[in-house]
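*Asks:* could you work out the structure for the sequence below:
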Amino acid sequence: MSRAWLHLTAPVLAAGMLAGLPSCSGKVEAASVPTVADPRLQAVLSYVAGQMKSCSIPGGAIAIVENGQFTESEGFGLEDVDGAAVSATTRFQTAGLSKVVLGATALSLVERGELDLSQPVTRYAPLTLAAGFDPSTITIQHLLTHTSGLPDTDTDDMSCGVGPGQLAAWFASQPAQPLWSPPGAVWDYSQRGYIAAGWAIEGATSGRFEDAVSQLVFVPAGMTTATYDASVVEAGDHALGHRLDSEGNTTQTYAPGQLDCEAFRAADGVYAGVDDFAQLAVTLYAGGGAMLQPASVKALETGQAVDQLYPGDQYTYGMYAHDGYRGQHILRTSGSLHGFRSSFWMVPDAQFAVVVFFDGDSPRSGCSTEDTAAFAVTTFLGLQDVPAPDWSTPPSTWAPYAGTYVDPYQLGTISVAFDGQSLTASTATAGPVQLQQQSATAFNAVFPAGTETITFAPDADGAPGWFVTRLGVGKRQ
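*Replies:* Model (predicted):
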């Protein structure tokens, strides 16, 4: 994704970070999907077959939970262009799905009295910020709900040490960070926030966060193949990640451990098979089992912070709570990293869940695991083909978003203009760029190489007060 128009002062990734990674330029021919007895699963697999063919996805896997029980899983296609067939236990990089297991770990520690979400992160980890900013204003709750104000950081190509003390070392190696917004003021997705949460868990347990996750989530939830350890993945059944271009060519191939970093692990680093996350759903639907108490399960599934992406959309502890999919209350999370795609959708009222992994990441429309997850929910629950909600608002309501916003750390002065029909945004060095509405308060800025989401978050009086992106946050003047 190109973010150059906004990314004015952010640190540049180290030159040569990708040097030496294997790549190929040909298209991957996907294998056919299996034939199964369940006509609903067969319909989903047939849908996936179309995705694989049109998107050049080598392979993937899917798992289904119905009525709170793990019912079926299937692998399809190949682990690599010349690799073995994918099975339901083949490990994939799960990326953003890692956050829900860190959230569940934090809630388990709360039950044990070892972690207090209302306490500042500095109680557990010696986080420091740029001069003039007080890290003790950031609570663990802020970190887990993306409301800390900490700048985001790019985990795509991280490379650093792993092992005890490496989270502290990573934070020490980073330039002193300001807060883009006061803690609790806005929702802004922050990988750095989840890295800090992992560091806080280490402080609370006097051990590695990976060990806490394994003891408190992986083992009691029956996630038997889930791990952060790339060497374990490499030694077993695993897929390679394939980064694809718009023509379906593989431009980069990723093996386990090719890029590894303790900080990356905290935010995005779980490797797992689809069966693992199906077992997590079963455990949650059973009231938490040996993993969590029912009250903690409810907290994990309840919106904690309004994210401004869609009306009614909220973020929990690692998942999005959303009421807009064909009348269903959905809990969902997804990931895209190192040539992998992943999605985990839960429908609590039906005790249904679907887990989908791909070992190909394509920029084409319709190539996402989210499309498959949505199709599976519709097919298995027999949902009516109702029109998608219309979250747009008439241009006549957009005038309040116009104005000047200032981000002294990243974006500089941002001018948002309204001409009666459209909004545009510009900075001193880029724009104007037309904003295309996603929902009432969210807009997309479209560029040839990608799209950036911009949300207008309210101030204390409910008026548009913040221009929010993952690249920086501007306060209205």
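*Asks:* count of residues packed around Gln410?
*Replies:* Using other C-beta atoms under 10 Å, Gln410 has 20 other residues around it. Every C-beta, even on glycine, is put in place using the N, C-alpha and C of the backbone.
*Asks:* excluding sequence neighbours, find me the nearest residue to it.
*Replies:* Computed as C-beta to C-beta, 6 or more residues apart in numbering, the closest residue to Gln410 that is not its neighbour in sequence is Gly472, at 3.0 Å.
*Asks:* on the pLDDT front, check the one you found for me.
*Replies:* Looking at Gly472, its pLDDT reads 93.
*Asks:* make 27 the first number, not 1, from now on.
*Replies:* In the new numbering, first residue 27, that becomes Gly498.
*Asks:* can you count the residues close to it?
*Replies:* That count, for Gly498 with other C-beta under 10 Å as the rule, works out to 26.
*Asks:* what sits opposite it in the beta ladder?
*Replies:* Thr495 (DSSP bridges).
*Asks:* what distance do you get for it to Ala156?
*Replies:* Shown here: Gly498 relative to Ala156, a distance of 14 Å by C-beta to C-beta, to the nearest Å.
*Asks:* ok, Leu193 next?
*Replies:* Leu193 is 19 Å from Ala156, by C-beta to C-beta.
*Asks:* how's the protein carved up into domains?
*Replies:* Per the record, the chain has its domains at 64-413, 421-502, by automatic domain parsing.
*Asks:* can you say which of those domains is packed in most?
*Replies:* Among those, domain 64-413 has the highest mean neighbour count (mean count of other C-beta atoms under 10 Å), at a mean of 20.
*Asks:* quick check: closest non-adjacent residue to Ala238.
*Replies:* Ala238 sits nearest to Thr231 (C-beta to C-beta, 6+ apart), 4.9 Å away.
*Asks:* residues touching the residue most central in space within the chain, list them.
*Replies:* The centroid of the chain falls nearest to Gly122 when counting by C-alpha atoms, centre = their mean (3.4 Å). Gly122 makes contacts with Asp294, Thr359, Ser360, Gly361, Ser362, Leu363, Ser368, as judged by C-beta atoms under 8 Å, 6 or more residues apart in numbering.
*Asks:* in strands, which of the residues you listed appear?
*Replies:* Thr359, Ser360, Gly361, Ser362, Leu363, Ser368 (DSSP state E).
*Asks:* in JSON lines: the residues you listed, plus pLDDT.
*Replies:* What follows is those, written out as JSON lines (pLDDT from 0 to 100):
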{"residue": "Thr359", "pLDDT": "97"}
{"residue": "Ser360", "pLDDT": "96"}
{"residue": "Gly361", "pLDDT": "95"}
{"residue": "Ser362", "pLDDT": "95"}
{"residue": "Leu363", "pLDDT": "94"}
{"residue": "Ser368", "pLDDT": "98"}
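*Asks:* which members of these are the farthest-apart pair?
*Replies:* Thr359 and Leu363 (12.9 Å; C-beta to C-beta).
*Asks:* where in this protein is pLDDT low?
*Replies:* Where the chain drops to pLDDT under 70, the residues are 27-58, 473-476.
*Asks:* max-length helix in it?
*Replies:* helix 65-81 (DSSP state H).
*Asks:* so what touches that one?
*Replies:* Outside helix 65-81, the residues that reach it (C-beta under 8 Å, 6+ apart) are 56, 58-62, 83-86, 88, 90, 98, 100, 102-103, 270, 274, 386, 388, 390, 392-393, 397-398, 401-402, 405-406.
*Asks:* what's the residue nearest to Ala238 sitting at in phi/psi?
*Replies:* phi -110, psi -10 (degrees, to the nearest 10).
*Asks:* over to Leu497?
*Replies:* phi -100, psi -10.
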